[in-house]
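Peer 1: Turn this into a model:
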Amino acid sequence: PPPARLDVGVDLASRDRATVGGMVATNAGGLRVLRHGHVRGHLAGVEAVLADGRVLRRMAGLKKDTAGYDLTGLLCGSEGTLAVVTAALLRLVPLETDRVTALLGVGSVGDALAVVRRLRAGVGGVESAEIMFPEGVALLEDLLGVRSPLGRDCPAQLLVDVAAADPDPVLSVLAACPEITDSAVSADGPGRARLWALRERHPDLVARLGVPHKLDVAVPLGTLADFEVEVRAALARLPVTVVLYGHVGDGSLHVNVATPAQGAGEVEDAVFGVVQRFG
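Peer 2: Numbering: from 1, shown residues only. Next up is the predicted model:
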């Protein structure tokens, strides 16, 4: 038979070690939330084992199911507290073989948000919008030998991925964005992989600098620029190294902090205090 040309809609930087069960248990979002959403939206059914050993099966894959509780959706994201997921039925998406990846230098989180808005309005297929900052880029170069073609001086580096066979419409939209100060664009596999390495190696950094504390937080998208400023100010009072990066398209940032010793309580209090103020 011909190839199905289908794909799992959720992709993670940890794809080499992530499992489907873990993705269901955490309702993983990952790198394509902007286009495809979280795991819960792809989950058509589950099999799970309850605490007393009973097996719960919802694997019919019904297109419409309005009978009572959405047990499949409830178990997704429950992280083992309600049951252990032992099988999952996933809806797939069409396989995209052509993509354009652009690394863009911008002045701030606000500028990055403006570029993403224009890109989504101007072209279809925007899958990812990831942001990185100078401290992370410098550590990538110094500790891991991963170099950015934009250098270390950009206040923020925005990585966007667009499913597109023709890069010209993407380039046209980007050329009209006054917020962009520098750029590197690739539509071939090796070139795209080099650009994505900048984002995908970020999780490796803080473990090399001290005791790592990795917090994954989300705030309303319109407040993301102010949140970045305030969370840095809150952490500046502590003897820590901070690496921020994350999903500028959906308001989620990874706040990674390295401490000289076990200081999780202080770090979490500082970060979650800001998160709470931002709702």
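
Peer 1: Correct me if wrong: Thr259 contacts Val211.
Peer 2: Yes - using CB atoms under 8 Å, Thr259 is in contact with Val211, at 4.9 Å. No exception for glycine: its C-beta is placed from N, CA and C like everyone else's.

Peer 1: neighbour count winner among the two?
Peer 2: Thr259 (19 against 16; other CB atoms under 10 Å).

Peer 1: From Ala236, how far off is the more buried one?
Peer 2: Distance, Thr259 to Ala236, using CB to CB, to the nearest Å: 14 Å.

Peer 1: One more: Ser14?
Peer 2: 29 Å.

Peer 1: quick one, which of these two is more surrounded?
Peer 2: Ser14 (14 against 10).

Peer 1: The more buried one: what's it in contact with?
Peer 2: When contacts are counted by CB atoms under 8 Å, 6 or more residues apart in numbering, Ser14 touches Pro203.

Peer 1: For the residue of the chain most remote from its centre, give its distance to Gly80.
Peer 2: Distance from the C-alpha centroid of the chain peaks at Asp52, with 35.6 Å (CA atoms, centre = their mean). Going from Asp52 to Gly80 by CB to CB gives 15 Å.

Peer 1: Please name every helix or strand in contact with the helix or strand containing Ala233.
Peer 2: Ala233 belongs to helix 224-235 when assigned by DSSP states H and E. Counting contacts by 3 or more CB pairs under 8 Å, 6 or more residues apart in numbering; DSSP states H and E, helix 224-235 packs against helix 109-122, strand 241-247, strand 252-259, helix 264-277.

Peer 1: Now do the buried residues in the worst-scoring helix or strand of the chain on mean pLDDT.
Peer 2: When each helix and strand of the chain is scored by mean pLDDT, DSSP states H and E, helix 33-36 comes last, with a mean of 90. By 16 or more other CB atoms under 10 Å, the buried positions in helix 33-36 come out as 33-36.

Peer 1: Pick the one among these closest to Ala102.
Peer 2: Leu34 (14.3 Å; CB to CB).

Peer 1: ok, the closest one - contacts?
Peer 2: 120, 126-129, 247, 249-250.

Peer 1: can you redo those residues as a markdown table with neighbour count and distance to Ala184?
Peer 2: A markdown table is the format used below for these (neighbours: other CB atoms under 10 Å; distance: CB to CB, whole Å):
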| residue | neighbour count | distance to Ala184 |
| --- | --- | --- |
| Arg120 | 18 | 21 |
| Val126 | 22 | 18 |
| Glu127 | 21 | 18 |
| Ser128 | 24 | 16 |
| Ala129 | 26 | 16 |
| His247 | 22 | 20 |
| Gly249 | 27 | 19 |
| Asp250 | 16 | 23 |
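
Peer 1: Give me the subset of the residues you listed lying in helices.
Peer 2: The helices, defined by DSSP state H, take in Arg120 from these.

Peer 1: CSV please, covering the contacts of Leu34 and showing distance to Asp204.
Peer 2: Converted to CSV, the contacts of Leu34 look like this (distance: CB to CB, whole Å):
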residue, distance to Asp204
Arg120, 30
Val126, 27
Glu127, 23
Ser128, 19
Ala129, 21
His247, 18
Gly249, 23
Asp250, 23
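
Peer 1: Relative to Glu127, how far out is Gly145?
Peer 2: Counting by CB to CB - Gly145 and Glu127 are separated by 27 Å.

Peer 1: Then Trp196?
Peer 2: Taking CB to CB, one finds Trp196 at 12 Å from Glu127.

Peer 1: before we move on, back to that, can you tell me which of the buried residues of helix 33-36 is nearest Arg58?
Peer 2: Nearest to Arg58 among those, with distances taken as CB to CB, is His36, at 21.7 Å.

Peer 1: Tell me which residues touch the closest one, please.
Peer 2: His36 neighbours (CB under 8 Å, 6+ apart): 9-10, 42, 93, 127.

Peer 1: The residues you listed: which two are farthest apart?
Peer 2: Maximum distance among the contacts of His36 (CB to CB): 14.4 Å, for His42 and Glu127.

Peer 1: Which parts of the stretch 101-250 of the chain are strands?
Peer 2: Remark: strands assigned in the stretch 101-250 of the chain by DSSP state E, counting those that start in this stretch are 126-132, 156-163, 182-186, 211-218, 241-247.

Peer 1: In a markdown table: those strands, plus distance to Thr101.
Peer 2: Shown next, in a markdown table, are the strands of the stretch 101-250 of the chain (distance: least, CB to CB, whole Å):
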| stretch | distance to Thr101 |
| --- | --- |
| strand 126-132 | 9 |
| strand 156-163 | 5 |
| strand 182-186 | 5 |
| strand 211-218 | 23 |
| strand 241-247 | 15 |
